[in-house]
Each structure stands twice: as structure tokens, then as C-alpha cells.
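Q: how would this look folded up:
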Amino acid sequence: MNRLYIALIAILLCGCNKTHKMKSITQTDTQLIINTPQFEVTVPGVWLEQKQPADSTIYCGRLIEGDVSKQLIISGHLLVPGLPDEERRKAFEDMLSYRTETEKEVTKNAAQVYEEPVREHDGLLAGGYIAVHPSAARVVFSRLICDHEKAFNFYYEMWGFREKPDIKQLSVEFEAFMETAGLKSE
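A: Model prediction:
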């Protein structure tokens, strides 16, 4: 049991510093390409890179489309080496729960938070949530992906909607760039 809590603390506090040292960020006229030794992702649009809010942040950028602002924050975290699958899954679920509960607390429970179930495919764990905060005209998609060594969180936040946002369309947009996200084995 203690090992599980140590694993969770390590995930939450240990920034993935190797990623910072060897990342390539390319902004073209139509897309942002982030390539690190651990993962790559392509996001449509012209993004303005912003100051990184935490040591674990790999990328933080903002895109403005009309009245709507979008922010993408990608963070990385190392896992305790050699965790058995059951403990790794428990640590992953605890980290995901922590992120989800934090989202609820930040909005003082004014956001409707829809959790996606944890899925496993080829040794990767993935899970996340969608938060819809009508009074703040804000929508968040968050996806956590974890292999046996590291976890990455993709946090995609949008705000400034004048009309009720089309969650289905925004979800399609988020899933389209998440499909390009691939973890690499080192």
C-alpha cells in the first residue's frame, strides 16, 4: 500500500525533465508539431507559445479564433520504475481522479464534469474528462496517457463562447489531434 502512495506522489511531483531538454516545436502556417523523445502530436492552427506554468509542463500555448480563446497545456510525469501493472493502473486512476476533482474544485462544482472510462490498449492506459462550465462560457477536454515509464496529460481548454458551444464538434476537434498523439518507446 505504501508503495502505491509513493508511486502516486512520484507521478504528481516528478516532472519529466528529459522531455524538456530534447523537444522540437515547429509552428507552420497551419499546424503545431510537438516532437519529443517520448511522444509526438500535431495540433491544427497557429499557436502562440506561452510561459510554462509548472516544471512538468512540456508545452503551453494559446490560440485565438474570433471570440474564443484556446489553451493547450501538455505536461509529463515519470513513473516509479518497475511498478507491477495493478499498482501502475491504481496510480494512474488516482492521478486521473486527482485531476478530475481539482477541475471540480476550481469551478466550485459549477462545471459539469463527464469522466471517460479508463481504457487499456497495447500496454497504454488512457482516461480523461470533459468539463462544461456554462456560466464561464468554458469547455475543457483533458486526456491522460500512461505507459510503463511515464504519463502525459493533454489539457485543452476553450473559453469566450458567445453562444452555447457545440460540445460534439469540439470533441471531434480534440479527438482529431489526439489521434496524432503517439507515445514512443525509448
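Q: contacting residues around Ile64?
A: When contacts are counted by Cβ atoms under 8 Å, 6 or more residues apart in numbering, Ile64 touches Lys70. C-beta coordinates here come from the backbone N, C-alpha and C atoms, glycine included.
Q: the strand or helix carrying it: partners in the sheet, and parallel or antiparallel?
A: Using DSSP states H and E, Ile64 sits in strand 57-65. The strands beside strand 57-65 in its sheet (DSSP bridges) come out as strand 48-49 (antiparallel), strand 68-78 (antiparallel).
Q: which of those is buried the deepest?
A: strand 68-78 (a mean of 20; mean count of other Cβ atoms under 10 Å).
Q: quick one: that strand to chain centroid distance?
A: 6 Å (Cα atoms, centre = their mean, to the nearest Å).
Q: ends of stretch 130-143, how far apart?
A: Taking Cα to Cα, to the nearest Å, stretch 130-143 runs 9 Å from one end to the other.
Q: now stretch 67-83: mean pLDDT?
A: In this model, stretch 67-83 has an average pLDDT of 91.
Q: sorry, slip of the keys, the one I care about is stretch 52-64.
A: 90.
Q: which parts of it are buried?
A: 56-61, 63 (16 or more other Cβ atoms under 10 Å).
Q: got it, and stretch 129-145?
A: 129-133, 137-145.
Q: then stretch 162-170?
A: Going by neighbour count (16+ other Cβ under 10 Å), the buried part of stretch 162-170 is 165, 170.
Q: ramachandran coordinates for Asp94?
A: The phi/psi pair for Asp94 (degrees, to the nearest 10) reads phi -70, psi -40.
Q: what is the end-to-end distance of stretch 70-88?
A: 32 Å.
Q: distance between it and the chain's centre?
A: That offset, for stretch 70-88, works out to 10 Å (Cα atoms, centre = their mean).
Q: and stretch 131-138, by the same measure?
A: 18 Å.
Q: list the contacts for the residue most central in space within the chain?
A: Among the residues of the chain, the one closest to the centroid is Phe154, at 1.8 Å (Cα atoms, centre = their mean). Neighbouring residues of Phe154 by Cβ under 8 Å, 6+ apart: 41, 72, 74, 141-145, 178, 181.
Q: what about the residues you listed, which are in strands?
A: Here DSSP state E is the test, and these give 41, 72, 74, 141-145 as lying in strands.
Q: export those as TSV, with columns for distance to Glu86.
A: Compiled in TSV, the ones in strands among the contacts of Phe154 are given as follows (distance: Cβ to Cβ, whole Å):
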residue	distance to Glu86
Val41	29
Leu72	32
Ile74	27
Phe141	28
Ser142	24
Arg143	22
Leu144	18
Ile145	19
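Q: wait, which of these is closest to Phe161?
A: When the ones in strands among the contacts of Phe154 are compared for distance to Phe161 (Cβ to Cβ), Phe141 wins out at 14.3 Å.
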